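Chemist: no sequence for this one, just the structure:
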């Protein structure tokens, strides 16, 4: 089935999306910071036979509107919830990576009846050690590329094990994001307050801290305590971009989780 694209006004902003379509259960895919909806293309190719996938561009990303330069703590979750309502999606699932995982968690916490499940890929739930590690990362000494070819070269240099199908959408998303960063983002509540309000089935995908992942084993254990309807799938050898680093293993865990949700 041919994919379609469109725009919807959600939370006062025009948000762009690509949709695989079909009379299938809806699954919203929420990308990470500086990515766009089409960064989910490889994942969508695996899941589109069974799900109607909605890959949207968050505010200030891709082909969506920018919105204010200061982001309030629930803005992204409210955007996603408004998109779900505007598209008339009935109890979709939501699969998010990084910023998108925080968005999915926020939707599930704020609106417990809106989603049927969430998949959270290296959701930015920090312990103190991980927060310090991320905040103290040395800044890049490279100037940002100014061309698509330059971004492709950087991606291939930094991520030599990524599948070629990941590289083009990643480069396109960086070209679209240049100059659109928020001036400031207001801190949300502690992640534990979000987690304890999530009642739908949840899958936490985690990677290796030494490779750049955020969620530590201790945080994963605490998340399981706070979310009794959750489970964790750890991907050895994956960093922060878990589904790109270990695609087959990640998709196997995702599809097993989806099968359990469907059977329940």
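Modeler: The structure has been received and is ready for your questions. In this text the structure is predicted, and so the values were computed from the model without any measurement.
Chemist: In the protein, where is pLDDT below threshold?
Modeler: Within the chain, the ranges that satisfy pLDDT under 70 run 134.
Chemist: what do you get if the cut-off is 90, keeping everything else the same?
Modeler: 1, 70-73, 127-143, 182-189, 264 (pLDDT under 90).
Chemist: chain center to stretch 43-55, what's the gap?
Modeler: Distance of stretch 43-55 from its chain centroid, counting by CA atoms, centre = their mean, to the nearest Å, is 15 Å.
Chemist: Check what contacts it and list those residues.
Modeler: Contact with stretch 43-55 is made by 1, 17-29, 31, 37-38, 40-41, 83, 87, 89, 92-93, 95, 243, 251, 254-255, 258, as judged by CB atoms under 8 Å, 6 or more residues apart in numbering. The C-beta positions use only the backbone N, C-alpha and C, and glycine is treated the same way.
Chemist: so how far does that stretch reach from one end to the other?
Modeler: Start and end residues of stretch 43-55 are separated by 10 Å (CA to CA, to the nearest Å).
Chemist: buried sites along it?
Modeler: By neighbour count on 16 or more other CB atoms under 10 Å, the buried set for stretch 43-55 is 43, 44, 46, 47, 48, 51, 52, 53, 54, 55.
Chemist: now residue 200: how far from residue 113?
Modeler: 9 Å (CB to CB, to the nearest Å).
Chemist: who's more crowded, these two?
Modeler: residue 200 (21 against 8; other CB atoms under 10 Å).
Chemist: Columns secondary structure on top of the buried residues of stretch 43-55, output as a markdown table?
Modeler: Output for those, formatted as a markdown table (DSSP: H, G, I helix; E, B strand; the rest coil):
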| residue | secondary structure |
| --- | --- |
| 43 | helix |
| 44 | helix |
| 46 | helix |
| 47 | helix |
| 48 | coil |
| 51 | coil |
| 52 | strand |
| 53 | strand |
| 54 | strand |
| 55 | strand |
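Chemist: if I pick residue 114, what's in contact with it?
Modeler: Residues in contact with residue 114 (CB under 8 Å, 6+ apart) are 81, 84, 91, 107, 108.
Chemist: May I ask which of those residues has the most neighbours?
Modeler: Most surrounded of the contacts of residue 114: other CB under 10 Å gives residue 107, at 29 neighbours.
Chemist: Provide the backbone phi and psi angles at it.
Modeler: phi -60, psi -50 (degrees, to the nearest 10).
Chemist: what's the answer for residue 26, then?
Modeler: phi -80, psi 140.
Chemist: Let me see the contact set for it.
Modeler: 51, 52, 53, 54, 89, 90, 92, 93.
Chemist: Might one say that the fifth one is in contact with residue 28?
Modeler: Yep, that's residue 89 we're talking about. Yes - when contacts are counted by CB atoms under 8 Å, residue 89 is listed as touching residue 28 (7.1 Å).
Chemist: Tell me which of these two has more neighbours.
Modeler: It is residue 28, of residue 89 and residue 28, that has more neighbours when counted by other CB under 10 Å, with 29 against 19.
Chemist: my guess is that one is in a strand, correct?
Modeler: Yes - applying three-state DSSP, one finds residue 28 inside a strand.
Chemist: what is it paired to in the beta sheet?
Modeler: Here residue 28 shows beta-bridge partners residue 54, residue 94, assigned using DSSP bridges.
Chemist: That one touches residue 86, doesn't it?
Modeler: No - using CB under 8 Å, residue 28 is not in contact with residue 86; the gap is 11.9 Å.
Chemist: What about residue 137, how many residues nearby?
Modeler: Residue 137 has 9 nearby residues by other CB under 10 Å.
Chemist: Looking at the protein, which helix is longest?
Modeler: Scanning the chain for the longest helix, with DSSP state H as the assignment, gives helix 247-263.
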